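Undergrad: Quick one, what's the 3D model for this:
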Amino acid sequence: MAPLLNANAMIQCAHGGKFLVVPRGPRSMVGGAPALTIADFPGVISAGCAFNIAGVPTPCVIVAVTVGMCVKVMDHGAPAVNQTLLCATSNGVPSLPVASAGQVVVHGT
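TA: Numbering: from 1, shown residues only. Here you go, the predicted structure:
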């Protein structure tokens, strides 16, 4: 089982940017920070993403969670996400594997 993600998770795009995911609404605490669920991801912009189109900065934006949804762990009605998380982005390049879940205590499937 993979560790659940919390608000301290390190999630990156392939262009060097970081997705700063802030929980939307009340959440359970996981490893000292609010847990993340699939409801927190759509629309999150990658800070520091170097992707551009014709010289115009076009940072990655998460459009969907494709892998890493927990099938048995729910938080306030939404599936939690774990360290196997991969996201689809607006420019078609999936997110990189999660570098850190933000905690190492709670695991879920």
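Undergrad: just the strands in this structure please.
TA: For the chain, the strands defined by DSSP state E occupy 2-3, 11-12, 18-19, 29-30, 33-34, 46-47, 52-53, 56-57, 62-75, 78-89, 107-108.
Undergrad: Among these, which comes closest to residue 40?
TA: Relative to residue 40, the nearest member of these by CB to CB is strand 78-89, separated by 8.1 Å. Just so you know, the C-beta spots here come from the backbone N, C-alpha and C atoms, and that holds for glycine as well.
Undergrad: And that closest one, what's buried?
TA: By neighbour count on 16 or more other CB atoms under 10 Å, the buried set for strand 78-89 is 78, 79, 80, 81, 82, 83, 84, 85, 87, 88, 89.
Undergrad: Helix or strand, whichever it is, which one in this structure has the lowest mean pLDDT?
TA: For the chain, using mean pLDDT, DSSP states H and E, the weakest element among its helices and strands is strand 107-108, scoring a mean of 60.
Undergrad: Go through the buried residues of strand 78-89 and name the one nearest residue 100.
TA: Looking across these and measuring by CB to CB, the closest to residue 100 is residue 83, at 8.1 Å.
Undergrad: now the closest one: how far from residue 41?
TA: For residue 83, the distance to residue 41 equals 14 Å [CB to CB, to the nearest Å].
Undergrad: Report the contact partners of the nearest residue to residue 34 once chain neighbours are set aside.
TA: Of all residues not flanking residue 34 in the chain, residue 27 sits nearest, at 3.8 Å (CB to CB, 6 or more residues apart in numbering). When contacts are counted by CB atoms under 8 Å, 6 or more residues apart in numbering, residue 27 touches 34, 35, 36, 37, 75, 76.
Undergrad: Against residue 56, how distant is residue 27?
TA: Using CB to CB, we find residue 27 at a distance of 35 Å from residue 56.
Undergrad: Just give me the neighbour total for the nearest residue to residue 46 once chain neighbours are set aside.
TA: Distances taken as CB to CB, 6+ apart place residue 17 nearest to residue 46, at 3.3 Å, with adjacent residues excluded. The tally of other residues near residue 17 (other CB atoms under 10 Å) stands at 21.
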